[in-house]
Every structure is written in C-alpha cells, then in structure tokens.
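> Provide a 3D model corresponding to the input given below.
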Amino acid sequence: MKKRLGLAATSLLMLSGPALAADYSSSGFDWDGFYAGIGVSGSAWSNGETVYSVDGIAGFNVVNDGILFGAEGFFGYVVDSSSLTGTEGGVNARLGYLVSNDAVAYITGGGAYMSLPNDWHATVGAGIEFAVSENTTMDFKFEHWRGSTFTANRIDASINWYFN
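Model prediction:
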C-alpha cells in the first residue's frame, strides 16, 4: 500500500512539473506591447452621488518571467445621478502576475482628474484581465479614488485590443 501511494505521489509530481514551470512568453496570450480599448464604470462618491463613465483606454505592457509591468491612460465622458455631465482622464501604473497564460491579476495606482467634483484624485486598485481571443481581453477592476474633498469606490469593466 505504501509503495502504491509513493508511486502515485511521484507520478503526480512528474506530471505537474511542466505546468509549474510554464514559460509564459512562449505560449498563450501575448501580454507584451500596446493596447487600446473602451470601458465603462460606476462609482459611489462620499458626497452621495453616483457617477457613470464611458472611457477610451490606451496602454502598454512588458512581461518578464511572469511579472507584468505596465502603464495605462484613459479619457472619457461622465454623468452623475443629478444628470450633470463632464469629463475625466488619468494615468495609472500596473504591476501584475500572470496567473495563467491567459489571465493576469494586477494592482494599479496613479492619478485622475474628474470635472464633476472638479478635483484631482489619487487612485489605487486591483483587477484581473482575461484573454478572450488571440488579441482581445476583458478587464475587471476595483479602484478607490481620493480627492481633496471627496472619495469614491469605483468598478470598471473594459474590452481591450492588443497590437503586438
């Protein structure tokens, strides 16, 4: 019985070895390079407002040994629960880990301006991005925005196209 358990454990380790040592650069989605996309978001502000936005997105990633380094900018149109409209824009850095060949989990941080509280905000968050085709991804992110007068919790979803 002990021989069978030992043989089973050894077989399992031998079969899982290649999966544990996966080379993310040679198979799966190519996360390196430029991308552009369109996103939607909703945020709850500390002043009681709810703000929705549609954004254009552009970014760049570099992957080294399963670690993703990137930067992303966005610019968009916003509307709040009082039907006021405005614009927003910002830049964030991204640091991620390829959890598989087709998915990356990341943290993000940077700065953004929104005309509806007419304020600059520090941003920090986390997200996960999944490949859905050979050059397209879906990205889901939670961010906290902190300005001089208000804070917000924001949920974003975007579709991105990679040009590599």
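> pLDDT (mean, whole number) over the helix or strand where residue 138 lies?
Mapping residue 138 onto the secondary structure by DSSP states H and E places it in strand 136-147. Mean pLDDT, computed over strand 136-147, is 98.
> List the buried residues in that strand.
137, 139, 141, 143-145, 147 (16 or more other C-beta atoms under 10 Å). No exception for glycine: its C-beta is placed from N, CA and C like everyone else's.
> what element comes up after the host helix or strand of residue 89 heading to the C-terminus?
With elements delineated by DSSP H and E, residue 89 resides in strand 85-100, which encompasses its position. Heading C-terminal from strand 85-100, the first helix or strand you meet, by DSSP H and E, is strand 103-114.
> With just CA atoms, put that following strand into CSV.
Included here for strand 103-114 are C-alpha records, laid out as CSV according to Å, rounded to 0.1, in the frame of the first residue of the first chain:
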residue,chain,number,x,y,z
ALA,A,103,-5.1,35.7,-17.2
VAL,A,104,-3.2,38.4,-15.2
ALA,A,105,-4.0,39.7,-11.8
TYR,A,106,-2.7,43.2,-11.0
ILE,A,107,-2.5,46.1,-8.7
THR,A,108,-2.8,49.7,-10.1
GLY,A,109,-2.2,53.2,-8.9
GLY,A,110,-1.9,56.7,-10.2
GLY,A,111,-3.8,59.9,-10.6
ALA,A,112,-7.0,61.1,-12.3
TYR,A,113,-9.0,64.3,-12.8
MET,A,114,-12.8,64.4,-12.9
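> Show me the strands paired with that strand, marking each as parallel or antiparallel.
Paired with strand 103-114 in the same sheet, following DSSP bridges, are strand 85-100 (antiparallel), strand 119-131 (antiparallel).
> For residue 112, find the nearest of those strands.
Ranking those by distance to residue 112, with C-beta to C-beta as the measure, places strand 85-100 first at 2.9 Å.
> can I assume residue 157 is in contact with residue 42?
No - with contact defined as C-beta atoms under 8 Å, residue 157 does not count as touching residue 42 (9.3 Å).
> Distance to residue 28 for the strands paired with strand 103-114 - can I get that in CSV?
As requested, the strands paired with strand 103-114 are arranged in CSV below (distance: least, C-beta to C-beta, whole Å):
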stretch, distance to residue 28
strand 85-100, 7
strand 119-131, 7
